[in-house]
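Asker: Need a 3D model of the sequence below.
(chains A, B, C and D)
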Protein chains: 4
Amino acid sequence: MPHLLLIQCPDERGLIYKITAVLYGQGLNILRNDEFVEPEGNVFFMRTEFAGHFDAGALRAALAAALPAAAGIRLADGGPKNIVLLATKEHHCLSELLVRHAFSELNANILAVVSNHAVLGALTRKFDVPFHCLPHAGRSRAAHEAEVLAVLARHRPDFVVLAKYMRILSPGFVAPYTNRLVNIHHSFLPAFVGASPYAQAHARGVKIIGATAHFVNEQLDEGPIIAQRVIPTDHTRSAHEMAQAGRDVEKIVLARALQLVFDERVFVHRNKTIIFD
Amino acid sequence: MPHLLLIQCPDERGLIYKITAVLYGQGLNILRNDEFVEPEGNVFFMRTEFAGHFDAGALRAALAAALPAAAGIRLADGGPKNIVLLATKEHHCLSELLVRHAFSELNANILAVVSNHAVLGALTRKFDVPFHCLPHAGRSRAAHEAEVLAVLARHRPDFVVLAKYMRILSPGFVAPYTNRLVNIHHSFLPAFVGASPYAQAHARGVKIIGATAHFVNEQLDEGPIIAQRVIPTDHTRSAHEMAQAGRDVEKIVLARALQLVFDERVFVHRNKTIIFD
Amino acid sequence: MPHLLLIQCPDERGLIYKITAVLYGQGLNILRNDEFVEPEGNVFFMRTEFAGHFDAGALRAALAAALPAAAGIRLADGGPKNIVLLATKEHHCLSELLVRHAFSELNANILAVVSNHAVLGALTRKFDVPFHCLPHAGRSRAAHEAEVLAVLARHRPDFVVLAKYMRILSPGFVAPYTNRLVNIHHSFLPAFVGASPYAQAHARGVKIIGATAHFVNEQLDEGPIIAQRVIPTDHTRSAHEMAQAGRDVEKIVLARALQLVFDERVFVHRNKTIIFD
Amino acid sequence: MPHLLLIQCPDERGLIYKITAVLYGQGLNILRNDEFVEPEGNVFFMRTEFAGHFDAGALRAALAAALPAAAGIRLADGGPKNIVLLATKEHHCLSELLVRHAFSELNANILAVVSNHAVLGALTRKFDVPFHCLPHAGRSRAAHEAEVLAVLARHRPDFVVLAKYMRILSPGFVAPYTNRLVNIHHSFLPAFVGASPYAQAHARGVKIIGATAHFVNEQLDEGPIIAQRVIPTDHTRSAHEMAQAGRDVEKIVLARALQLVFDERVFVHRNKTIIFD
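Answerer: Prediction:
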């Protein structure tokens, strides 16, 4: 597995030269390099896969010396992330991730599954993953979120994945997980934000339906989009059949988005993603 | 070219039997038959391609006798429709339709092109189609629409096609052309209604862009959808580049929708289409 | 669940009328009807979903009396099929089907999984499905196939599904399961028949890869195609990465094809499928 | 319009550093940079968009000094290419390119259209492009190709585009235009090489059809693939209808491939393309 260097900084002339000079100077070999300059904010992004032996502190110091003071410099190894999944009753996204996890295809360790219902416990336990059932019934939103946050705090995940978690999250829940909380929304955002997107899609008579994996921010369904996919539909499909067909898209697009995130291919800038795929 | 029978009526038991009994009784041969029952309103739709000699009055009378009183019964021949195109400055949809028309691929006669700018006149005249330049500058919306409607009234088209006509139409303009006015909207509706959808899509950071061909009703961009298509995009595309890439989708999806409409494959029911493709 | 009537017969004038007359005469209500006439062989296909009480013998007799002598007439109920899965080492198609089965989404009972390797046993047993490990090593093809056929004979499945079973089957194995043996081939057939399609695709430098679900006949990878899907690829993907990405398509297209088959939506005619979706 | 630097050379450590050092040293500003290392042959490819004033000879010399002796170094400006189109009777690809050319969307000057039939002459002349009708009837292949080559020699195009030119070209024709001769093949290669791909696709019963834009080499339909696209089809489509639907894909994928080629985004290596899109 190659090492990763991830840089985000104000653009200026010579950045690629300055960064690669540091790597070259330390005897490191670039295997793959991707750059992008976001033209509106004039921000430079670079993701470098490199090989060779190095001292992290020295490399970081050399890069910091070569780059603007505001530069974000991150060294990573692309290894498995620690994650917790939140789900409700629908199994398809959870199943997809549990199976990939079981066969070491997820680039993540699933530390636990948290659900506000019990129904997915049996599935989760088949795959030897801890299952926390935290019912919301009879609790205030704040109290329920506090319970979920307590479980998360115990597991200390790198990322939290909403695998069809059908509860709206308050800003206070979201804030500590900025750019670390991934959701799958069952529509082609920004079409059909909010509840029952397939019913909305059916009522509107669309000819294509889709799914969107995105980071969650304080506005429902408005965080940075990571991946989207669509499938055709037509007048013969009921809202229920659209939902069934949509599940195949949802689980694949969520798994795909997580692969991009866990492989350190996704930068977030303002409300958008820069993805070096 | 086969004959077409198009029926829309309240559903009841035996409709297919009753209709095909009439056709069989008159010695007519069904080449292709499509039916659909819309479950919410319990409405039956049928499109039949058939061959054989018949007396239209007698056939219609026999069908009317066999079907509920509220039945809509239409005989058609699927031959070319008479159409007028409205455009503004962008050429791509207009070019697409003019070229198809020139090679008899449109199943329509383009009677005229109307534009609120002069720029597309040269293109239109290359293909020997009359071009009416009706500038909106210096005119009220009502006065301008009256001029366009006067040209339409002179040509008496079966359908009016908004081939990137960038003016909002008032309900009074739309009403006489209910289900006969087709627009191409440069987004995947209902995402990004209204102006500058590519700029909206760019700002939202979507990973897929699209286009929607639809009938126009009194609410902007809210009429029955006929066809939609999408293409992937990413962070490297500016709004301008999205618009460029989107043009290829727009013209193809508009041409495709018109083919469906002109071939009598599209029923409109409430705010949706039933399409027998 | 509606009843199903499935008819395949030489085309002649009045077939829809004659069939629907029988249904109407017996007081049955058609919920959905699909027909197709294959123009080269002049063969008529019809799939009817209907509701009501009926005597199967009487209905069949009335239909037989109304239709050409050569007509194939089948009554079905669309209920779950009994199936056996064959797999080798790759889990993704097997996982997909086991999970759908566990949540009653497959419209099939998985009677057993047969594999020529042991590796998928643990997964299969998680879902309480019998697992038969029948290694091919040290056995002739004939001897190994006889063992597999013996297991199949014991389970008497309606359909056998090759869920990434990486052994070539002899005509003698295939023959008793004509139109009842479904395979997933990891390419967009007829491109890249045979072994290692992703390596072939990589070597050819294609920009799209795909998967094909098809009935197996005596010629490898040449049976009737049920469903195909594709995804884009590019020069940055190794053959290994293409294979990884392709798995998502393979499992979804296989599940989709099985849904069509188990729901009695697929007719086979010569080497093609007619699918009423 | 930015300047372009295109480099292809054996990979070694420090290439990006060495190249960007030269650009930085000459005061040039990199706007966009793409690199790829082809792992099998260990070949490095880089496409750089840069801005600033420079002396081409000096820049080339500095780069040559910094890079391996075998390095291919090319400076380009991304400006319009000079092209000649070859067509036969089908208009759709030719129309597409003529219209784009007329509206300055092709990044190319169409110097002439050559056809072995007269039928597309009227269309071509509408767009004020010279049309050479060179019938093949009554001529040997060699004699006919010599005539076409003579016209090409007169126009000295950068690229020759086969816009549905339905004649097989001999190796002697192709050789002088290596990597400068682009064809559109009406199938998803390598499926259905050779003649009548839609008839082949129909006979095989595929569920998806496509088109492939590729460079032509000495083996028919086996040159490096530039772009491919597909559309779904089903049992209801005749080979003729598949061909009709396929035309929309063909013309768009050809136009897209040409955009990539003319914008200097395509490297050819062995029998594949590396595309920096």
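
Asker: mind listing the strands for the stretch 1-150 of chain A?
Answerer: A:3-10, A:29-38, A:43-51, A:72-76, A:81-87, A:108-115, A:131-133 (DSSP state E, counting those that start in this stretch).

Asker: Just the residues contacting the third one, thanks.
Answerer: Outside strand A:43-51, the residues within contact range by CB atoms under 8 Å, 6 or more residues apart in numbering or on different chains are A:2-12, A:15-16, A:19, A:23, A:28-38, A:264-265, A:267, A:269, A:274, A:276. Heads up, the C-betas are built off the backbone N, CA and C, glycines and all.

Asker: Scan the helices and strands of chain A for the one with the lowest mean pLDDT.
Answerer: One helix or strand of chain A scores below all others by mean pLDDT, DSSP states H and E: helix A:197-204, with a mean of 92.

Asker: what's the offset of it from the middle of its chain?
Answerer: 26 Å (CA atoms, centre = their mean, to the nearest Å).

Asker: what packs against that helix?
Answerer: If contacts are counted by 3 or more CB pairs under 8 Å, 6 or more residues apart in numbering or on different chains; DSSP states H and E, helix A:197-204 sits against helix A:239-262.

Asker: right, is the helix it packs on up against chain B?
Answerer: No - Helix A:239-262 is not in contact with chain B by CB under 8 Å from any CB of the partner chain; minimum separation 9.5 Å.

Asker: what's the angle from the least confident helix or strand of chain A to helix A:239-262?
Answerer: Angle, helix A:197-204 to helix A:239-262, by axes from the mean of the first three to the mean of the last three CA atoms, to 10 degrees: 130 degrees.

Asker: filter the contacts of strand A:43-51 by proximity to chain B?
Answerer: A:36, A:38, A:274.

Asker: The second one: neighbour count?
Answerer: Okay, so that is residue A:38. 18 (other CB atoms under 10 Å in any protein chain shown).

Asker: Spell out which parts of chain A neighbour chain D.
Answerer: For chain A, the residues in contact with chain D (CB under 8 Å from any CB) are A:13-14, A:16-17, A:20-21, A:23-24, A:29-37, A:232.

Asker: hmm, 6 Å instead?
Answerer: Contact residues, chain A versus chain D (CB under 6 Å from any CB of the partner chain): A:13, A:14, A:16, A:17, A:20, A:21, A:24, A:29, A:30, A:33, A:35.

Asker: and which of those residues is nearest to chain C?
Answerer: Nearest to chain C, judged by CB to the nearest CB, of these is residue A:33 at 12.2 Å.

Asker: Chain neighbours aside, what residue packs nearest to that closest one?
Answerer: residue A:48 (5.0 Å; CB to CB, 6 or more residues apart in numbering or on different chains).

Asker: now do residue A:60
Answerer: residue A:73 (6.1 Å).

Asker: ok, now residue A:183?
Answerer: Here the residue nearest residue A:183, using CB to CB, 6+ apart, is residue A:162, at 4.2 Å.

Asker: Looking at the one you found now. What's its pLDDT?
Answerer: With respect to pLDDT, residue A:162 has a value of 98.

Asker: Name whatever forms a beta bridge with it.
Answerer: Residue A:162 has these beta-bridge partners by DSSP bridges: residue A:86, residue A:183.

Asker: Could you check how many residues crowd around it?
Answerer: A count of nearby residues for residue A:162, using other CB under 10 Å, gives 22.

Asker: How about stretch A:166-186, which residues are buried there?
Answerer: The neighbour-count check on stretch A:166-186 (16 or more other CB atoms under 10 Å in any protein chain shown) flags A:169, A:173, A:174, A:177, A:179, A:180, A:181, A:182, A:183, A:184, A:185, A:186 as buried.

Asker: Surely residue A:219 is within a helix?
Answerer: No - using DSSP: H, G, I helix; E, B strand; the rest coil, the secondary structure at residue A:219 is coil, not a helix.

Asker: Just the buried ones from the contacts of strand A:43-51?
Answerer: Buried by 16+ other CB under 10 Å: A:3-9, A:11, A:15-16, A:19, A:23, A:28, A:30, A:33-38, A:264-265, A:267, A:269, A:274, A:276, out of the contacts of strand A:43-51.

Asker: Where does the stretch 101-250 of chain A get nearest to chain B, residue-wise?
Answerer: residue A:205 (3.3 Å).

Asker: residues touching the residue positioned nearest the centre of chain A, list them.
Answerer: The residue lying closest to the centre of chain A (CA atoms, centre = their mean) is residue A:182, at 4.1 Å. With contact set as CB atoms under 6 Å, 6 or more residues apart in numbering or on different chains, residue A:182 has these partners: residue A:161.

Asker: quick revisit: now render the strands of the stretch 1-150 of chain A as TSV, adding distance to residue D:82 and mean pLDDT.
Answerer: Formatted as TSV, these follow (distance: least, CB to CB, whole Å; pLDDT from 0 to 100):
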stretch	distance to residue D:82	mean pLDDT
strand A:3-10	41	97
strand A:29-38	32	95
strand A:43-51	36	97
strand A:72-76	46	97
strand A:81-87	52	98
strand A:108-115	53	98
strand A:131-133	67	98
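
Asker: and the ones next to chain B among the contacts of strand A:43-51 as CSV, adding distance to residue A:117?
Answerer: Output for those, formatted as CSV (distance: CB to CB, whole Å):
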residue, distance to residue A:117
A:36, 42
A:38, 41
A:274, 36
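
Asker: Contacts for stretch A:266-277 next, please.
Answerer: Stretch A:266-277 is touched from outside by A:34, A:36, A:38, A:45, A:47, A:179, A:224, A:226, A:260, A:265, B:205, B:235, with contacts defined as CB under 6 Å, 6+ apart.

Asker: Look at residue A:274 and report its pLDDT.
Answerer: pLDDT, residue A:274: 98.

Asker: Residue A:42 too?
Answerer: Residue A:42 is assigned a predicted lDDT (pLDDT) of 94.

Asker: list the contacts for the nearest residue to it once chain neighbours are set aside?
Answerer: Spatial nearest neighbour of residue A:42, excluding adjacent residues (CB to CB, 6+ apart): residue A:11 at 4.7 Å. By CB under 6 Å, 6+ apart, the residues touching residue A:11 are A:37, A:42, A:44.

Asker: Name the nearest of the residues of chain A next to chain D relative to chain B.
Answerer: The closest of the residues of chain A next to chain D, once distances to chain B are taken by CB to the nearest CB, is residue A:35, at 10.8 Å.
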